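J.: what follows is a predicted protein model with its sequence.
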Amino acid sequence: MKLNLGCGSQLLPGYCNVDKYGAPDLQWDLETFPWPWPDDSAEEVLLSHVLEHLGQAPATFLAVMQELYRVCQKDALIKVIVPHPRSDLFLADPTHVRAITPLTLEMFSRRLNQEWGQTGGANTPLALQCGVDFEIVSSIMVLDEPYLSLHRTGRITTDQLQEMERTQNNIVLQIEMVLKAVK
């Protein structure tokens, strides 16, 4: 089974399209637990511009991550697309309740949690606390214009872009990450 969670009007063929509103295949509030799928039933999950809307209370966000892990099969791929937290797309929407970055999702890696424990890292070991294990397979920063064109033409280096992304707004439009459920 493939899940398109928080699909809005973007109904994808071959997926179970799920949203709280509209006319998806399944109308469901993703903050209502448990989700209506059995354990280990999803081979692929898409969360496109959804995760930043879920879990205003930390306990609810952690429950979302636990449900995501529960319904995923071993090695299931989860594609997460979110607006960059320094983008006006993130800042302007009052329904965005939390920034999601690769660092956020790394906290749900058991391997990294164990490394942090051994090295005295101060990161919260959410994978160990929540009983989940996700590894980031890939992470891509999608540049906003004019920065994409400036980088493509060599007028801005990758190092310059990385520094700008850490200190300025509207450099990166969105972040596209793929996670794998480790079971």
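T.: That came through fine.
J.: by mean pLDDT, point me to the weakest helix or strand of this protein.
T.: Least confident helix or strand, the chain: helix 158-167 with a mean of 92, by mean pLDDT, DSSP states H and E.
J.: and the longest helix for this structure?
T.: helix 58-71 (DSSP state H).
J.: quick one: buried residues of that helix?
T.: Judged by neighbour count using 16 or more other CB atoms under 10 Å, the buried positions of helix 58-71 are 61-71. Heads up, the C-betas are built off the backbone N, CA and C, glycines and all.
J.: please apply the same query to stretch 22-37.
T.: Buried residues in stretch 22-37 (16+ other CB under 10 Å): 24, 28, 30-31, 35, 37.
J.: gap between the residue nearest the centre of the chain and Leu5?
T.: Centroid-nearest residue in the chain: Val80, 3.8 Å away (criterion: CA atoms, centre = their mean). From Val80 over to Leu5 the distance is 10 Å, taken as CB to CB, to the nearest Å.
J.: which residues do these two both contact?
T.: Leu47 (CB atoms under 8 Å, 6 or more residues apart in numbering).
J.: can you give me the strands for the chain?
T.: Remark: strands assigned in the chain by DSSP state E are 2-5, 16-19, 26-27, 42-48, 72-83, 134-143, 172-181.
J.: please work out the average pLDDT along the last one.
T.: For strand 172-181, mean pLDDT rounds to 97.
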